[in-house]
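> Sharing a sequence plus its predicted fold:
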Amino acid sequence: MSRGRRYEEPKLNLKKVFAVILAIIVIIMSVFIIKGIFQRESSKGEISSKTYFAVYKNNKWGVIEENGEIVIEPAYGEMIIIPDNKTDIFLCTYDVNYDTGEYSTKVLNSKNEEIFKDYVKIEAISNHDENNNLWYEKNILKVQKDGKWGIIDFDGKNLLNIEYDNIEAIKGIENALLIQKDGKYGVADKEGRKILDVNYLEIDNLGETNRDGYIVKDDTGLYGIVDSSKKVILKNQYQEIKKVYGNDLYVVVQDGNQKLVNDKEEEILTKGFEQISAILKTKNQGIIYIENSKYGVMNLTGEVLIQAQYDNLVEAKSNVFIATKGEKQGIVDIDNNEKVPFNYQSIIYNGTGDIYVAEDENVDSYVMNSNFEIKQTGILIEINTSAGYFKLRQDDKYKYYNFKFEERDKTQILSNNTLFLDKKDNKYGFVNKDGNVVVEYMYDDATEQNEYGFVAVKKDGKWGVINNKGEVLKEPTYNLDDYLVIDFIGIWHLGKDINMNYYNQE
């Protein structure tokens, strides 16, 4: 328990004798090792084949596993934090005094046993990206004693000594921890290694990973860049450094003006623009600049390639730009030739599939190849780069295509499923891999089977759930009209705030 302030033949065959002795020794050692493992697992969280989720019922929070069975009864007034849903480490907060900020914490495992009892405070390290998607740093927890913070792993091993005033994640960056001590900041990784010493007044990430380097402010009050090996890229001599970089080029502010400099601190571009929005991906090609609130393209000698005429300009790939005019988007090339007309509300580019997806005001999607030819239309449901497909809703059916725009049978794509969504006479039902009907066509809407084996079904405006055998677990009783995503684990449905990733029955 912890308490603090709010905010895991007669003649002997000697070879045989020695072999038997060795085997006995191995068995004895194995017994002790196994015993040790069980002793450790009884006090620490363990990695499991199970998956855990926070649940909410009757204004209380608990934990379920992937089959929907309750692991921790909903009895806590604050949401239970599960830093890694494959590990049974559950962080509970209770006895909260909202007036004073006082609260108590404890960590439970799947046996409802309290673990990691030696600390005053234990917290997960939360992080989120620019779209506010929440995650927690895996396999580490921050712990407090005597008002100072450190880091342990899920086995309770000390990784970072308890000596810091605060520890938090650098926003949007995995495995980059901002450590604070005596008014100065440094950076550590989740193994406890010091990436940057605690010497700086401010530290921020430069790019999207912990290897891209850091923007640092020193005692002079000026900014520079240091990479993850502590090598100084730019000295601390700038009033500001923008998070715009590429090809060893950086955007800085000096004497009140933006400049483009290289890693030798040589000035590359100093005029012809008010701001630099991006550095083009092809080396030595140029920048996207802003002038009079309009976007254009300029090369590194200052020659304008595309006049500043667009309300936004984003490089999709080399020599191709998604451009905005007013409230519409189209695509132009480096010579400002229109490749896709300005008829769409939005356009995205997927580099893995080398496809463009444009969406109109009716939320209809148009999937184009690298030559900007429309190959499929419908409502885009998913782009799965790891499995190499995209999913469209076409004529009220879900269809799957690879990145060559070849249709794929859902039994190939969803190879682990036992049920497959089907439609007949304007009603939804489910068939097996052989096409035999398992669930009759009686529902107004339904979802494909999720990775845990459950399908959501809708009838008369209400939602229920069916298991992987086609058995009804819960008749359609939930009104989920206000929910962005419909998903079930057992009889628990996904909560409204999908970023929090919890399930409830209310």
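On my side now, so go ahead. As the structure is a computational prediction, the values presented were derived from the model and not from experiment.
> What are the buried residues along stretch 204-219?
Within stretch 204-219, the residues that count as buried by 16 or more other Cβ atoms under 10 Å are 204-207, 210, 212-218. C-beta: built from backbone N, CA, C; applies to glycine.
> which among the residues you listed gets closest to L177?
N210 (9.4 Å; Cβ to Cβ).
> so who does the closest one touch?
The contact partners of N210, taken as Cβ atoms under 8 Å, 6 or more residues apart in numbering, are 170, 173-176, 189, 195, 228.
> which of these lies closest to K423?
Among these, and counting by Cβ to Cβ, the member closest to K423 is E174, at 40.7 Å.
> Just the helices from the chain, written as ranges.
With helices called from DSSP state H, the chain shows them at 14-43, 410-413.
> any idea which of those scores lowest on pLDDT?
For these, the weakest mean pLDDT is recorded on helix 14-43, namely a mean of 35.
> how's the protein carved up into domains?
Residue ranges for the domains of the chain, per automatic domain parsing: 205-271, 413-506.
> Export those domains as JSON lines, with columns for distance to E373.
Output for those, formatted as JSON lines (distance: least, Cβ to Cβ, whole Å):
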{"stretch": "domain 205-271", "distance to E373": "30"}
{"stretch": "domain 413-506", "distance to E373": "24"}
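> List just the one of these that sits closest to V63.
Closest to V63 of the domains of the chain is domain 413-506 (Cβ to Cβ; 9.9 Å).
> need the contact list for A169.
A169 is in contact with 125-127, 137, 176-178, counting by Cβ under 8 Å, 6+ apart.
> Show me what it is bridged to.
On the basis of DSSP bridges, A169 is bridged to L177.
> In the chain, where is pLDDT below threshold?
Within the chain, the stretches with pLDDT under 70 are 1-48.
> redo that, cut-off 90
Residue ranges of the chain with pLDDT under 90: 1-49, 101-105, 128-134, 138, 395-398, 497-501, 506.
> what about the longest strand in it?
In the chain, with assignment by DSSP state E, the single longest strand is strand 374-384.
> got a list of what the nearest residue to L159 once chain neighbours are set aside touches?
Closest residue to L159 apart from its sequence neighbours, by Cβ to Cβ, 6 or more residues apart in numbering: G192 at 3.5 Å. By Cβ under 8 Å, 6+ apart, the residues touching G192 are 151, 158-160.
> what do you get for E267?
Contact partners of E267, counting by Cβ under 8 Å, 6+ apart, are 259-261.
> What of L160?
Applying Cβ under 8 Å, 6+ apart, we find L160 in contact with 150-151, 167, 177, 179, 188, 192.
> 6 Å - rerun?
150-151, 188, 192 (Cβ atoms under 6 Å, 6 or more residues apart in numbering).
> Of the residues you listed, which pair is most distant in space?
Greatest spatial distance in the contacts of L160: G150 and A188, 10.2 Å, computed using Cβ to Cβ.
> Can you report how many residues lie near the closest residue to G246 other than its chain neighbours?
Leaving out its chain neighbours, the residue that sits closest to G246 by Cβ to Cβ, 6+ apart is I279, at 3.9 Å. When neighbours are counted by other Cβ atoms under 10 Å, I279 registers 23.
> just G296 next, same as before
G296 is flanked by 21 other residues according to other Cβ under 10 Å.
> Tell me what it is bridged to.
Beta-bridge pairing for G296 (DSSP bridges): Y289.
> Relative to A54, how far out is it?
Plainly put, G296 is 48 Å away from A54 if you go by Cβ to Cβ, to the nearest Å.
> do you know how far the nearest residue to E114 once chain neighbours are set aside is from E448?
Here the nearest residue to E114 in space, its sequence neighbours aside, is K106; by Cβ to Cβ, 6+ apart that works out to 5.2 Å. K106 sits 39 Å away from E448, going by Cβ to Cβ.
> Next: G330.
Distance from G330 to E448, by Cβ to Cβ: 33 Å.
> who has more neighbours, those two?
Taking other Cβ under 10 Å, G330 and E448 do not tie; G330 has more neighbours (20 against 17).
> who's in contact with the more buried one?
By Cβ under 6 Å, 6+ apart, the residues touching G330 are 323, 340-342.
> quick one: which of the residues you listed is nearest to G351?
V340 (16.8 Å).
> and the gap between the nearest residue to the closest one once chain neighbours are set aside and A54?
Residue nearest to V340 in three dimensions, not counting chain neighbours: I331, with 3.8 Å by Cβ to Cβ, 6+ apart. Per Cβ to Cβ, I331 is found 42 Å from A54.
> same question, Y310
44 Å.
> Equivalent analysis for Y98, please.
Y98 is 21 Å from A54, by Cβ to Cβ.
> Looking at these two, which has the bigger crowd around it?
A side-by-side neighbour count of Y98 and A54, using other Cβ under 10 Å, places A54 first with 23 against 8.
> In contact with the more buried one, which residues?
Neighbouring residues of A54 by Cβ under 6 Å, 6+ apart: 79-80, 82, 502.
> check contacts around E240.
Going by Cβ under 6 Å, 6+ apart, E240 touches V253.
> can you do 7 Å?
Contacts were defined as Cβ atoms under 7 Å, 6 or more residues apart in numbering; by that measure E240 touches 223, 252-253.
> Isn't E114 up against L108?
Yes: using Cβ atoms under 7 Å, E114 makes contact with L108 at a distance of 6.0 Å.
> Neighbour count: these two, which is higher?
Taking other Cβ under 10 Å, E114 and L108 do not tie; L108 has more neighbours (21 against 12).
> any idea how far the more buried one lies from I279?
Distance, L108 to I279, using Cβ to Cβ: 49 Å.
> rewinding a little: can you add distance to E266 and neighbour count and give the contacts of N210 back as TSV?
Below are the contacts of N210 laid out as TSV (distance: Cβ to Cβ, whole Å; neighbours: other Cβ atoms under 10 Å):
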residue	distance to E266	neighbour count
I170	29	18
I173	28	22
E174	33	16
N175	32	18
A176	29	25
D189	32	19
I195	27	21
S228	23	16
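> Distance to K462 for these - can I get that in CSV?
Converted to CSV, the contacts of N210 look like this (distance: Cβ to Cβ, whole Å):
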residue, distance to K462
I170, 44
I173, 42
E174, 40
N175, 44
A176, 45
D189, 48
I195, 52
S228, 52
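> ok, so of those residues, who is nearest V304?
I173 (34.6 Å).
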